[in-house]
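Participant: Show me the folded form of this:
(2 chains)
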Amino acid sequence: MNKHVTIEEVGQSFKDGMTVMVGGFLGVGTPEVLVQAILDREIKDLTLIVTDTGFIDKGVGPLIVKRLVKHVIASHIGTNVETGKQMIQEQLSVELVPQGTLAERIRCGGSGLGGVLTSTGIGTIVEANKEKIWVDGVEYLIEKALRADLALLKAKKADKAGNLVYDKSARNFNPVMALAADLVIVQVDEIVEIGEIDPDEVMTPGVLVDQIICIGGAR
Amino acid sequence: MNAKEIIARRVAVEMQDGDVVNLGIGLPTMVANYLPEGINVVLQSENGFVGLSSVGEVPDNNLVNAGGQHCGINPGGAVFDSAMSFCLIRGGHVDVTVLGGLQVDQYGNLANWMVPGKMVPGMGGAMDLVSGAKKVIVAMEHSAKDGSSKILKECTLPLTGKGKVNLLVTELGVFRVIPEGLLLEEIAPGVEVETVAARTEAALIISPNLKVMQNLASQI
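Facilitator: Numbering: from 1, shown residues only, chains lettered A, B, ... in the order given. Down below sits the predicted model:
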């Protein structure tokens, strides 16, 4: 099995109106080549699930600047002025989700779970339109699972079976997003033969990964 | 000494050796500079690691803090994904979180993530931190830039957490949230109780054991 593909092959699966999860935290761990592939093909009307909308020129930010996104689900949009501007102009709808809740909703979406109970957001506007439940004397919000059509992720290294190793804080949302999309595409700096990554060092199992593009020296 | 340094110095006294601590962006980050001698804490960064330290000689683009700035990681640190990071945060594995604030009220409510119609950056990890950390400390200047009190009878901005604040430190004093309201426990050197009360909208309870703010005397 070889999941190593070219950027051209990857682009064929992009479609207008898709729901896309993109890994990264303020652009660190964001697969910028895959983001650029969406920009180049002008794939539009996207629903974007990200922890933040990056900066106007970094992370997923350029997707917002180019107005390819109609709906964002994120925990933070403050570093990209364009997100706030389009939101106020009602050209972009934004659902703000506490960062830990976002991680769990994505994990649930990829784990066969309908959602998670969390006390984060109790007594705040995050409660709006959500069911609440008491369990053993503690009040929780019911936060529903999130899934996407496509996940665009970044790792340091993959083998040809798709097993992934991340680099330091570039890991962030990438592993949970690998669980929760119908098609999972990963941009890596290095690709190695099957067997070259110790199974104990794999951070995301290759069974979750569909396609890999390699930016560094491909082998 | 400016207001921010006074606040950071005093908050640092709250840390115990070995605590796992999450410091917010801005003023709270300064707390790490003033830890008392012999107090070593493990700093957690919500983007996915413990062992946060200052940036080394060669910045690494894959190693940033929760504000996106280059940083370092200490020997013995550990990196994980965002789900694990917030398991630590919500699960009570973080001993202390220090956050900035726009408003705090006498019920221990905190507002620090949006000003409707003006500033809607999002809550990031703040709601999880106030929800799950064992001890929630707000470190903020006492008054807003226009001079109005940020310490209110009841917050008017959308809340980050309801009744979650344990301790509030400003440049004027240290306030503990108790069921009866805000207890003024310590006061900045040279400041009168009347001054603190006049600059605070919330009703204050003055501790019978009112002390001078710690970790400042030798510096002023």
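
Participant: so what's the residue nearest in space to the middle of chain B up against?
Facilitator: Nearest to the mean C-alpha position of chain B, by C-alpha atoms, centre = their mean, lies B:V98 at 2.6 Å. Contact analysis of B:V98 by C-beta atoms under 8 Å, 6 or more residues apart in numbering or on different chains lists B:V11, B:V21, B:N22, B:L23, B:G24, B:P28, B:V31, B:I137, B:V138, B:A139. C-beta: built from backbone N, CA, C; applies to glycine.

Participant: In chain B, mark out all the strands, start to finish.
Facilitator: B:20-23, B:42-45, B:49-53, B:72-79, B:96-99, B:103-105, B:110-111, B:135-139, B:151-152, B:167-169, B:173-178, B:181-187, B:204-212 (DSSP state E).

Participant: what's the burial count for the closest residue to A:K160 other than its chain neighbours?
Facilitator: Once flanking residues are discounted, A:K160 sits nearest to A:N2: 4.7 Å by C-beta to C-beta, 6 or more residues apart in numbering or on different chains. The tally of other residues near A:N2 (other C-beta atoms under 10 Å in any protein chain shown) stands at 12.

Participant: and the gap between A:N2 and chain B?
Facilitator: To chain B, A:N2 is 26 Å away according to C-beta to the nearest C-beta, to the nearest Å.

Participant: As a check, name the ranges of all helices in chain A.
Facilitator: For chain A, the helices defined by DSSP state H cover A:7-11, A:32-41, A:61-65, A:81-88, A:99-109, A:174-177.

Participant: Any stretches of chain A with poor pLDDT?
Facilitator: Applying pLDDT under 70 to chain A picks out residues A:217-219.

Participant: give me phi/psi at the residue sitting furthest away from the middle of chain B?
Facilitator: The centre of chain B is farthest from one residue, B:V58, which by C-alpha atoms, centre = their mean lies 29.4 Å away. The phi/psi pair for B:V58 (degrees, to the nearest 10) reads phi -110, psi 110.

Participant: how close does it get to B:P179?
Facilitator: Relative to B:P179, B:V58 is positioned 51 Å away (C-beta to C-beta, to the nearest Å).

Participant: same thing with A:A145?
Facilitator: 38 Å.

Participant: Which one of these two is surrounded by more residues?
Facilitator: The neighbour comparison of A:A145 against B:P179 (other C-beta under 10 Å) goes to A:A145, with 18 against 6.

Participant: Correct me if wrong: that one contacts A:L102.
Facilitator: No - assessed by C-beta atoms under 8 Å, A:A145 is found out of contact with A:L102, at 11.4 Å.

Participant: List the buried residues in stretch A:9-27.
Facilitator: The neighbour-count check on stretch A:9-27 (16 or more other C-beta atoms under 10 Å in any protein chain shown) flags A:V10, A:F14, A:M18, A:T19, A:V20, A:M21, A:V22, A:G23, A:G24, A:F25, A:L26, A:G27 as buried.

Participant: List the contacts of the first one.
Facilitator: I take that to be A:V10. Applying C-beta under 8 Å, 6+ apart, we find A:V10 in contact with A:L34, A:A37, A:I185, A:Q211, A:I213.

Participant: any idea which of the residues you listed is the one closest to chain B?
Facilitator: A:L34 (16.9 Å; C-beta to the nearest C-beta).

Participant: Can you get me a residue count around that closest one?
Facilitator: Counted with other C-beta under 10 Å, the neighbours of A:L34 add up to 27.
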